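S.K.: sequence first, predicted coordinates after that:
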Amino acid sequence: MANEAIGKADLTGKPVELEPMSAFDRKYIHMLVKDEVGFSTTSMGEGQDRHIVISKGDYDISGLEDMDTPSSSINE
């Protein structure tokens, strides 16, 4: 899942939102992506909607909540 999201972020240059997941799974994804040079992760949302966004470089995700999630989701 993380590798697929990294590939999509690399190809499009846009942040990729993953599906909501548990805190344990989010931590695992953060750790995996941390080792990929040029990519970063951020957790967004609250409660059961908390999910990870994988970005290439220092992409500004401040306006991400305005994005159409299905078009930027890894599960297209």
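M.R.: Thanks, I have it.
S.K.: spit out the contact partners of D25.
M.R.: If you count contacts by C-beta atoms under 8 Å, 6 or more residues apart in numbering, D25 has none. For glycine as for every other residue, the C-beta is placed from the backbone atoms N, C-alpha and C.
S.K.: could you say which helix or strand holds it?
M.R.: Assigned by DSSP states H and E, D25 falls within helix 23-34.
S.K.: name the helix or strand for the residue sitting nearest the centre point of the chain, please.
M.R.: Taking C-alpha atoms, centre = their mean, the centroid of the chain lies closest to V53, which sits 2.0 Å from it. Assigning secondary structure by DSSP H and E places V53 in strand 51-56.
S.K.: what's the weakest-modelled helix or strand in this protein?
M.R.: Ranked by mean pLDDT, DSSP states H and E, the helix or strand of the chain with the weakest confidence is helix 69-72, at a mean of 36.
S.K.: before we move on, the earlier item: report the inter-axis angle for the strand holding V53 versus helix 23-34.
M.R.: On the basis of axes from the mean of the first three to the mean of the last three C-alpha atoms, to 10 degrees, strand 51-56 is oriented at 0 degrees to helix 23-34.
S.K.: what packs against strand 51-56?
M.R.: helix 2-12, strand 16-17, helix 23-34, strand 39-44 (3 or more C-beta pairs under 8 Å, 6 or more residues apart in numbering; DSSP states H and E).
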